[in-house]
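Engineer: Show me how the following folds:
(2 chains)
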2 protein chains.
Amino acid sequence: MISTTSLFAPVDNDLHLLTENLKRLVGARHPILAAAAEHLFDAGGKRIRPAIVLLVSRATMLEGEITPRHRRLAEITEMIHTASLVHDDVVDEAELRRNVPTVNSLFDNRIAVLAGDFLFAQSSWYLANLDNLEVVKLLSEVIRDFAEGEILQSINRFDTSITLEAYLEKSYYKTASLIANSAKAAGVLSDSSIEITENLYAYGRYLGLVFQILDDILDFTSSTEVLGKPVGSDLISGHITAPSLFAMEEKPYLKTLIEREFSEEGDIETALSLVKESQGIERTRELAAYHANLALKHLDCLKPSECSQSLTDLVDYALSRIF
Amino acid sequence: MISTTSLFAPVDNDLHLLTENLKRLVGARHPILAAAAEHLFDAGGKRIRPAIVLLVSRATMLEGEITPRHRRLAEITEMIHTASLVHDDVVDEAELRRNVPTVNSLFDNRIAVLAGDFLFAQSSWYLANLDNLEVVKLLSEVIRDFAEGEILQSINRFDTSITLEAYLEKSYYKTASLIANSAKAAGVLSDSSIEITENLYAYGRYLGLVFQILDDILDFTSSTEVLGKPVGSDLISGHITAPSLFAMEEKPYLKTLIEREFSEEGDIETALSLVKESQGIERTRELAAYHANLALKHLDCLKPSECSQSLTDLVDYALSRIF
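Structural biologist: Below you'll find the predicted structure:
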């Protein structure tokens, strides 16, 4: 099992600096947010998104040296990600994330909405001050995609007619867009060629989908203790992900259960068993492997280095996650 | 009494187009937001912010002709304003705004957070696509100031040591920043000189403060029917505005009531009477008149036109509001 610690070794110092900076940026001026900031940026997050930005930055810069703007981009990426999590938890009325109480449950909705808005606002402001219109456009696209993804997810709850394409589209909006656009933006800040920045975008897009697809598998195969929320909670909330999509093809009764929104006793347990008995999980793994392969292909454009190796290893890591 | 309809006559058609565009931009693709969009953009808003952008645009363009980018800026301004209202109402748990149920009360917090995020996200995206880095910076400053203002307001609840400067700072963040920066941005899009854009900023800043100061007076002098919320609700929620600030200087007992957060029966009624008996309202009117004068001075830079006349009249309108 690969750990993110060894994966991110080439940017370990950068990530340490980033965490300290984020706490300072968010917490220092506002005591009311200090507790939320400590909580958010210490909650055992893996810092995957800023790590990718930093790895791409070092992989695309001569001698692997990065600029303060690359660092700022990594911070912006983590701020946008965190803001979206905080508001997601309000929208989903979630009480735990990674086994840690959410901001809305620990404080209240008021502080959670404020903290999320503040993070979005700070990131917009830092973004504008990177003084690069192309980067501003790439990241504002991400913020828009997040909102779009949340809305699509809300619209499609308990809708069994959702297609695999619609599932992948929603996954792009909610997860892959940030990774794709921020990887590309790091290349833009390094003055990389269009060929390279397009490859970085595609790498981020496919890697992001692998992460999301694996999360959706783990929602069924992991345990409540590890997930920090009930097994199958996506399905229970009406979010139909790849495993359920594939399972419905084999088990039409699953469709019935979803369409009646698990309104009868035992419906949830039956639904979870149907998914596990089907080829749904296996076929979802194949879907992830397919996207992982596509991600790897788009790394060929980078010169071999410790950082580009980490970006390669990250794909295997994403695919091999078992919790 | 001047009405906004006659005030905004020179941009009446523009405003009509803007309302239709906003409903289309927000509601069309997302049925889940369509009802919220109809509700938000039909709720009797006066469209003061986009009207100022449109008036400044026409006042600064040769022949008074405006470009699609000026129109887009006006739409962005109204979207940012609306997004902030929607999230404010979640934060304040407000049930009515202008006597119309808020999104959070009509739908729920979930839809309100989503709708606000979507509006902020859309506005960031349109902003980036105006392709003008200076305008992006001006408006991202506004989004940051909103979050800052909400936080300052939360921190300072029931804090009787707040100064007049701190009150004006919070009012700038919450109200004047949007008007100041969007007026300046309209000038930037017209390629106006720095002298003119700085005057437009100052005009917007002082005019915005007049609007906020008058709102704070009306919170005490208007009626529950007109306000659509209880008289004195700012003070009741612990928000100390200019009338209470001045009143505390004369009536030290008001301080005591605020500091104990109106915990004893009759405290609220006593507090409201103390404000009304004091010179607080009158001194606040003088504060508004002082800022109105400053706003007017900064309009001298504009050539006389129907639109610059409207911008002048708007200051008198702001000052003369009695409901």
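Engineer: Point out where the stretch 101-250 of chain A drops to low pLDDT.
Structural biologist: A:105-107 (pLDDT under 70).
Engineer: who in it is up against chain B?
Structural biologist: Within the stretch 101-250 of chain A, the positions near chain B by Cβ under 8 Å from any Cβ of the partner chain are A:109-110, A:113-114, A:116-118, A:120-122, A:124-125, A:127-129, A:131, A:133, A:136-137, A:140-141, A:143-144, A:146-148, A:150-151, A:154-155. Any C-beta I mention is one placed from the backbone N, CA and C, and that applies to glycine too.
Engineer: buried residues in stretch A:196-205?
Structural biologist: By neighbour count on 16 or more other Cβ atoms under 10 Å in any protein chain shown, the buried set for stretch A:196-205 is A:196, A:197, A:199, A:200, A:201, A:202, A:203, A:204, A:205.
Engineer: what do you get for stretch A:92-103?
Structural biologist: A:92, A:94, A:97, A:100, A:101, A:102, A:103.
Engineer: of the residues you listed, closest to chain B?
Structural biologist: residue A:92 (8.0 Å; Cβ to the nearest Cβ).
Engineer: quick one: average confidence on stretch A:75-92?
Structural biologist: Stretch A:75-92 carries an average pLDDT of 86.
Engineer: what does stretch A:277-290 give?
Structural biologist: Stretch A:277-290 comes out at a mean pLDDT of 97.
Engineer: Which SSE is immediately downstream of the longest helix along chain A?
Structural biologist: Scanning chain A for the longest helix, with DSSP state H as the assignment, gives helix A:194-221. Scanning forward in sequence from helix A:194-221 by DSSP states H and E, the next helix or strand is helix A:224-227.
Engineer: Relative to chain B, how far out is the closest residue to residue A:321 other than its chain neighbours?
Structural biologist: Among residues not flanking residue A:321 along the chain, residue A:214 sits closest, at 5.1 Å (Cβ to Cβ, 6 or more residues apart in numbering or on different chains). For residue A:214, the distance to chain B (Cβ to the nearest Cβ, to the nearest Å) stands at 26 Å.
Engineer: next one: residue A:180
Structural biologist: With Cβ to the nearest Cβ as the criterion, residue A:180 and chain B are 16 Å apart.
Engineer: Return the alpha-carbon coordinates of the helix or strand hosting that residue using CSV.
Structural biologist: Take DSSP H and E as the rule and residue A:180 turns out to sit in helix A:177-189. Output of helix A:177-189 as CSV, limited to C-alpha atoms (Å, rounded to 0.1, in the frame of the first residue of the first chain):
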residue,chain,number,x,y,z
SER,A,177,-12.8,20.0,-12.6
LEU,A,178,-10.7,21.4,-9.7
ILE,A,179,-7.9,18.9,-10.3
ALA,A,180,-7.9,19.3,-14.1
ASN,A,181,-8.1,23.1,-14.1
SER,A,182,-5.6,23.7,-11.3
ALA,A,183,-3.1,21.3,-12.9
LYS,A,184,-3.5,23.2,-16.1
ALA,A,185,-3.2,26.5,-14.3
ALA,A,186,0.1,25.4,-12.7
GLY,A,187,1.4,24.7,-16.2
VAL,A,188,0.2,28.1,-17.3
LEU,A,189,2.1,29.8,-14.5
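Engineer: Quick one: list the elements packing against it.
Structural biologist: Helix A:177-189 sits against helix A:48-60, helix A:68-91, helix A:133-155, helix A:194-221, with contacts defined as 3 or more Cβ pairs under 8 Å, 6 or more residues apart in numbering or on different chains; DSSP states H and E.
Engineer: hey, which of those helices is tucked in deepest?
Structural biologist: helix A:48-60 (a mean of 27; mean count of other Cβ atoms under 10 Å in any protein chain shown).
Engineer: How far does that helix sit from its chain's centre?
Structural biologist: 15 Å (Cα atoms, centre = their mean, to the nearest Å).
Engineer: what does stretch A:266-277 give?
Structural biologist: 27 Å.
Engineer: Pull out the buried positions in it.
Structural biologist: A:267, A:270, A:271, A:272, A:274, A:275.
Engineer: now do stretch A:180-189
Structural biologist: For stretch A:180-189, the neighbour count (16+ other Cβ under 10 Å) marks A:180, A:181, A:182, A:183, A:184, A:185, A:186, A:187, A:188, A:189 as buried.
Engineer: ditto for stretch A:248-265
Structural biologist: A:248, A:251, A:254, A:255, A:257, A:258, A:262.
Engineer: again, but for stretch A:308-317
Structural biologist: A:308, A:309, A:310, A:311, A:312, A:314, A:315, A:317.
Engineer: Tell me which residues touch residue A:117, please.
Structural biologist: Taking Cβ atoms under 8 Å, 6 or more residues apart in numbering or on different chains, we find residue A:117 in contact with A:83, B:87, B:116, B:120, B:146, B:147, B:150.
Engineer: Pop out the phi and psi values for whichever residue of the stretch 201-323 of chain A sits closest to chain B.
Structural biologist: In the stretch 201-323 of chain A, the residue that lies nearest chain B is residue A:237 (11.8 Å; Cβ to the nearest Cβ). Backbone torsions for residue A:237, taken as degrees, to the nearest 10, come to phi -80, psi 0.
Engineer: show me the contacts for it.
Structural biologist: Counting by Cβ under 8 Å, 6+ apart, residue A:237 makes contact with A:92, A:157.
Engineer: give me that answer again for 6 Å
Structural biologist: By Cβ atoms under 6 Å, 6 or more residues apart in numbering or on different chains, the contact list for residue A:237 is empty.
Engineer: rewinding a little: quick one: the buried residues of stretch A:180-189 as JSON lines, columns for distance to residue B:51 too.
Structural biologist: Shown next, in JSON lines, are the buried residues of stretch A:180-189 (distance: Cβ to Cβ, whole Å):
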{"residue": "A:180", "distance to residue B:51": "39"}
{"residue": "A:181", "distance to residue B:51": "35"}
{"residue": "A:182", "distance to residue B:51": "38"}
{"residue": "A:183", "distance to residue B:51": "42"}
{"residue": "A:184", "distance to residue B:51": "39"}
{"residue": "A:185", "distance to residue B:51": "36"}
{"residue": "A:186", "distance to residue B:51": "41"}
{"residue": "A:187", "distance to residue B:51": "42"}
{"residue": "A:188", "distance to residue B:51": "38"}
{"residue": "A:189", "distance to residue B:51": "39"}
